[in-house]
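Student: missing the sequence, but the structure's below:
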Ligand code: AHM
Ligand code: MG
């Protein structure tokens, strides 16, 4: 039986990426090695997140421990784990993390050609109440690792080789695209392995959910306001959409990817560039959406065409089901 085969013939993420690689005989396994270090970081964060409440209960978090050292906050700890794992992979030359003001240039002796941009623990306002949070990453290839410069990462999102996220939710889900569709893996905690559970994810062409922080509505621009009004009071006889908003981008995007619909973090009068960061939030999620058959739009252009001019740049973002994003694009086109 097919179901039996699934249970006994486990497609781990490593096996999956190795299979992919064997289709490119010139590749030397570097990507598999890089990815296994990212996966290790995610497993560490998953385990730390699961223990976070417990640590509090027994009086660890935010206090000094027996050795008198201050306990590190989860986001700081996660960042350190990712930076160390990525550097020690020997496959990276530049790292850009949401947690670090400056990019990290890897020591020449440990350099490889990959550049990794990441948000080690996104949605930090949700940590203390046990709501889903996640890690987001994107991967570029440097022109020349010995002459690596910020220009190697200040590239449009369409130049990414791969992107993905890991969601620390009711289960731990790892979603990856290497530019050939999107695949979802779930952590089997008893094995410590990510198993392929959602092969070739395609986002529904149109969805029934919109996801936005409506508390900012008074500061929205015309097209965003009109769009959300249409979600609630459709004039064409279609049913109104449901609102879901976790406030963790990974969770909101994961639901959008699987159930369809649209996720918006628009510009507003107070934040004319929105809130989310181009390199490690907007680009990876836009890459995944396009690879799953959806769209991602900034209010001006295809999100993946944007050329960032600094590493922590922000952009408004509208992403999700093809038809839903098409509607918001039309409203912005009407503006001009
Ligand atoms: P963070 O990097 O400080 O955690 O902020 C990013 C998060 C996203 O996960 C989420 O989509 C957004 O902030 C929610 O913002 P808001 O609280 O303004 O709705
Ligand atoms: Mg973030």
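Tutor: Arrived safely, thanks for sending. Fair warning: this is a prediction, and the values are worked out from it, not measured in the lab. Ligands and ions are numbered 1, 2, ... in the order given.

Student: please make it C-alpha for all contacts and neighbour counts, starting now.
Tutor: Noted.

Student: phi, psi for residue 279 please.
Tutor: phi -70, psi -50 (degrees, to the nearest 10).

Student: that one is in contact with residue 310, isn't it?
Tutor: No. Counting by Cα atoms under 8 Å, residue 279 stays clear of residue 310, with 9.1 Å between them.

Student: show me where the stretch 101-250 of the chain has helices.
Tutor: Taking DSSP state H, counting those that start in this stretch to define them, one finds helices in the stretch 101-250 of the chain at 222-232, 249-259.

Student: what residues does this protein have near ligand 1?
Tutor: 122-124, 213, 247-249 (Cα under 6 Å from any ligand atom).

Student: grab the nearest non-local neighbour of the residue most central in space within the chain.
Tutor: Centroid-nearest residue in the chain: residue 136, 3.2 Å away (criterion: Cα atoms, centre = their mean). Ranked by Cα to Cα, 6 or more residues apart in numbering and with sequence neighbours excluded, the top spatial neighbour of residue 136 is residue 165, at 4.3 Å.

Student: go on, residue 315?
Tutor: Closest to residue 315 by Cα to Cα, 6+ apart is residue 273, at 4.8 Å.

Student: how would you label the one you found: helix, strand or coil?
Tutor: coil (DSSP: H, G, I helix; E, B strand; the rest coil).

Student: hang on, isn't residue 155 packed against residue 308?
Tutor: Yes. Residue 155 lies in contact with residue 308 (Cα under 8 Å); the separation is 6.6 Å.

Student: which neighbours do these two share?
Tutor: Counting by Cα atoms under 8 Å, 6 or more residues apart in numbering, residue 155 and residue 308 have no shared contacts at all.

Student: how about the helices of the stretch 101-250 of the chain, which one is nearest residue 169?
Tutor: Among these, the nearest to residue 169 by Cα to Cα is helix 249-259 (7.7 Å).

Student: quick one: mean pLDDT for the closest one?
Tutor: For helix 249-259, the mean pLDDT works out to 98.

Student: and that helix, what does it pack onto?
Tutor: Identification of packing neighbours for helix 249-259 by 3 or more Cα pairs under 8 Å, 6 or more residues apart in numbering; DSSP states H and E yields strand 133-141, strand 162-168, strand 262-265, strand 317-320.

Student: wait, residue 158 sits on residue 305?
Tutor: Yes. Contact criterion Cα under 8 Å: residue 158 and residue 305 qualify, at 6.4 Å.

Student: neighbour-wise, which of those two wins?
Tutor: More crowded of residue 158 and residue 305, by other Cα atoms under 10 Å: residue 158, with 20 against 15.

Student: so what's the more buried one scoring on pLDDT?
Tutor: Reported pLDDT for residue 158: 98.

Student: and the nearest residue to it once chain neighbours are set aside, what is it in contact with?
Tutor: Distance criterion Cα to Cα, 6+ apart; nearest residue to residue 158, sequence neighbours excluded, is residue 304 at 4.9 Å. Residue 304 is in contact with 156-158, 283, 286-287, 296, counting by Cα under 8 Å, 6+ apart.
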